[in-house]
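Participant: sharing a model that was predicted from the sequence below.
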Amino acid sequence: MRIAIHQPNFFPWLGYFHRVSRVERWVFFDHVQVPRGKSWVSRNRILLAGTPAWLTIPIEKGGEDFQTRKHQFSDKA
């Protein structure tokens, strides 16, 4: 049996979906601590008219052990 585990991220790359299609079980690794600083959990880089730009979704900050699955969108940009 093929199993893949991956931490969820915002607007994943195409290889992410390819990986999902190749396994029998897909596990979201969402009970881990949110990385500090800049991470792919809440942002991603896209091309706008050929120029790289960051697409970010603001999230509420949690405590020391704030887990990915407990993310809340923030209205503060």
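Facilitator: Cool, got the structure. None of the values given here were measured: they were computed from a predicted structure. Numbers count the residues shown, from 1 in each chain.
Participant: tell me where the model's unsure across the protein.
Facilitator: 30-41, 60-77 (pLDDT under 70).
Participant: tell me, how many residues neighbour Ala49?
Facilitator: 5 (other C-beta atoms under 10 Å). For glycine as for every other residue, the C-beta is placed from the backbone atoms N, C-alpha and C.
Participant: and the one 5 residues further on, by the same measure?
Facilitator: Number of residues near Trp54 (other C-beta under 10 Å) recorded here: 9.
Participant: and Phe11, which of the three is it?
Facilitator: At Phe11 the chain is in coil, as set by DSSP: H, G, I helix; E, B strand; the rest coil.
Participant: which residues touch the nearest residue to it once chain neighbours are set aside?
Facilitator: Spatial nearest neighbour of Phe11, excluding adjacent residues (C-beta to C-beta, 6 or more residues apart in numbering): Asn44 at 4.2 Å. Contacts for Asn44 (C-beta atoms under 8 Å, 6 or more residues apart in numbering) come out as Asn9, Phe10, Phe11, Pro12, Trp54, Leu55.
Participant: could those residues go into a markdown table alongside distance to Arg19?
Facilitator: Shown next, in a markdown table, are the contacts of Asn44 (distance: C-beta to C-beta, whole Å):
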| residue | distance to Arg19 |
| --- | --- |
| Asn9 | 13 |
| Phe10 | 17 |
| Phe11 | 16 |
| Pro12 | 9 |
| Trp54 | 24 |
| Leu55 | 21 |
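Participant: fine by me, thanks again.
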